[in-house]
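K.L.:
Pasting the sequence and the predicted coordinates here, then a few questions.
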Amino acid sequence: MQNYTIFNKQNKVSIVKTPIKDENFLGYQTIYCNSDVLSSYDFSTLFDDKQTENYLIVVEQEDIKTVFERVTSSLYFVKAAGGIVRNENGDYLFMFRNGFWDLPKGHHEKGETIEQTAKREVLEECGMKQLEVREYLASSFHTYYMNSRKEIKQTYWYDMYCHSSEMLTPQEEEGIQQLEWITQKDLPGILSHSYPNIRCLFESIASCNKYEK
């Protein structure tokens, strides 16, 4: 079943179908979204940068994609793509930038497919020569102010492979300070110093057993 989670500056908004029983949503402000609520509620208030409450939008009869489009209708959409890169040992490639561990990604350019964007951005940001794109994994959403407007970035994530012997060079002009292969053992510590949407992404692919050996 498709759910959506949108990360804002200080809060997040999750959109789910009924029935929902999940301890992860304890303490959320719940909005039961029927057709009347969908047409009258000012969802833009949920994405104010001063907003600290997490919201759970429970979709009753409506189509969940339709609700997502209505909830985000005040935001300007931007597409991006990147990769969860692994090597032959099952280690993950992370980059350190702006004080956080992150994954390589970047904006979609005109004329590219999303998969082409993902591969180009990973190659550019990590300075590698050989990279295999395997499969699409998931999307993540986060909001921010840019160009005097509130934008929402949808990032498409792909499973990728690169051999550990490949030379890596961080793209310094993009503020990338360090590139590191992270073992499964060290992954929880790295994710604790990453962004909430990155942690959510790894939880999502783990729940789907994407990386089971």
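P.N.:
Great, that's in hand.
K.L.:
secondary structure class for Leu46?
P.N.:
helix (DSSP: H, G, I helix; E, B strand; the rest coil).
K.L.:
Tell me the pLDDT of it.
P.N.:
pLDDT for Leu46: 97.
K.L.:
likewise Ser148?
P.N.:
On pLDDT, Ser148 comes in at 91.
K.L.:
again, but for Gln2
P.N.:
77.
K.L.:
The one 10 residues further on now?
P.N.:
At Lys12 the predicted local distance difference test score is 96.
K.L.:
Likewise for Glu203?
P.N.:
Glu203 carries a pLDDT value of 89.
K.L.:
residues contacting it?
P.N.:
Shown in contact with Glu203 (Cβ atoms under 8 Å, 6 or more residues apart in numbering): no residues. Glycine gets a C-beta too; all of them are placed from N, C-alpha and C.
K.L.:
what's the spacing between it and Lys50?
P.N.:
Distance, Glu203 to Lys50, using Cβ to Cβ, to the nearest Å: 27 Å.
K.L.:
swap in Leu168?
P.N.:
Distance from Leu168 to Lys50, counting by Cβ to Cβ: 39 Å.
K.L.:
These two: which is more packed in?
P.N.:
Remark: of Leu168 and Lys50, Leu168 carries more neighbours, 17 against 7, as counted by other Cβ atoms under 10 Å.
K.L.:
give me the element that one is part of.
P.N.:
Counting by DSSP states H and E, there is no helix or strand that carries Leu168.
K.L.:
Tell me if I'm right that it and Met128 touch.
P.N.:
Yes. Applying Cβ atoms under 8 Å as the test, Leu168 and Met128 come out as touching, 5.9 Å apart.
K.L.:
Partner strands of the longest strand along the chain and their direction?
P.N.:
The strand that spans the most residues within the chain, counting by DSSP state E, is strand 132-146. Here strand 132-146 has these sheet partners by DSSP bridges: strand 4-7 (parallel), strand 149-161 (antiparallel).
K.L.:
Would you mind pulling the contact partners of the next helix or strand after the last one?
P.N.:
Past strand 149-161, further along toward the C-terminus, the next helix or strand under DSSP H and E is strand 176-182. The set of residues that contact strand 176-182 without belonging to it, under Cβ under 8 Å, 6+ apart, is 87, 89, 91-97, 101, 125-126, 164, 168-170, 190.
K.L.:
change it to 10 Å
P.N.:
Strand 176-182 has contacts (Cβ atoms under 10 Å, 6 or more residues apart in numbering) with 85-87, 89-99, 101-102, 104, 125-128, 162, 164, 168-171, 186, 188-191.
K.L.:
Can you tell me which of those residues are buried?
P.N.:
Buried residues within the contacts of strand 176-182, counting neighbours by 16 or more other Cβ atoms under 10 Å: 85-86, 91-97, 101-102, 104, 125-128, 162, 168, 170-171, 190-191.
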